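Enquirer: this one's structure only:
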Ligand SMILES: [Zn+2]
């Protein structure tokens with residue numbers, strides 16, 4: 001099995017404990033938020049389910065207050081520390097590409113859509 005690394009862009013490999021992304025079937029919005037905070041382009045072409053299954057974020061990106069006493073992340077926690085400070089301007093997903101995915105409005109289709117498509121839709125929805 002391939003070792004799992006933290007997916008936060010610019011994060012150096014560490015031995016910190018790693019945390020799974022939020023379960024997309026329970027909290028897709030929160031998963032979206034994590035993906036945006038990680039600023040990792042590779043995530044954009046993955047489905048939420050794949051991100052949930054394969055990707056991890058190390059504990060140093062979370063506020064210690066987000067952990068309960070048994071070291072579990074709170075259900076609404078998201079990464080806030082040591083995140084990349086450059087914006088996602090080097091993202092090669094163009095607006096045009098995202099606009100072509102309007103047919104993904106049905107939330108049930110998300111299992112086949114990449115997170116980039118879903119986030120693109122969310123951003124478009126907010127702009128309107
Ligand atoms: Zn990390």
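Expert: Looks like it came in fine. Remember, predicted model here, so these are calculated numbers, not experimental data.
Enquirer: As a check, name the ranges of all helices in the protein.
Expert: 24-38, 41-44, 48-54, 95-99, 115-127 (DSSP state H).
Enquirer: Go through those and name the closest to the ion.
Expert: Smallest distance to the ion across those (C-beta to the ion): 8.7 Å, for helix 24-38. C-beta coordinates here come from the backbone N, C-alpha and C atoms, glycine included.
Enquirer: counting contacts, what elements does the closest one pack onto?
Expert: Helix 24-38 sits against helix 48-54, helix 115-127, with contacts defined as 3 or more C-beta pairs under 8 Å, 6 or more residues apart in numbering; DSSP states H and E.
Enquirer: Can I get these in CSV including mean neighbour count, distance to the ion and mean pLDDT?
Expert: Listed next are those as CSV, based on neighbours: other C-beta atoms under 10 Å; distance: least, C-beta to the ion, whole Å; pLDDT from 0 to 100:
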stretch, mean neighbour count, distance to the ion, mean pLDDT
helix 48-54, 18, 15, 96
helix 115-127, 17, 18, 80
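Enquirer: Name the spans of this protein whose pLDDT lies under the cut-off.
Expert: Residue ranges of the chain with pLDDT under 70: 1-3, 86-110, 127-128.
Enquirer: how much space between the spatially most central residue of the chain and residue 67?
Expert: Nearest to the geometric centre of the chain sits residue 35, at 1.8 Å (C-alpha atoms, centre = their mean). According to C-beta to C-beta, to the nearest Å, residue 35 stands 21 Å off from residue 67.
Enquirer: Equivalent analysis for residue 23, please.
Expert: Separation of residue 23 from residue 67 (C-beta to C-beta): 18 Å.
Enquirer: just residue 10 next, same as before
Expert: Distance check for residue 10 against residue 67: by C-beta to C-beta, it reads 23 Å.
Enquirer: Around the ion, which positions in this protein sit nearby?
Expert: Contacts of the chain with the ion, taken as C-beta under 5 Å from the ion, map to 6, 8, 11, 58.
Enquirer: rerun at 8 Å
Expert: 5-8, 11-12, 14, 16, 57-58, 60-61, 82 (C-beta under 8 Å from the ion).
Enquirer: so of these, which ones are in strands?
Expert: With strands defined by DSSP state E, the entries of these inside them are 57, 58.
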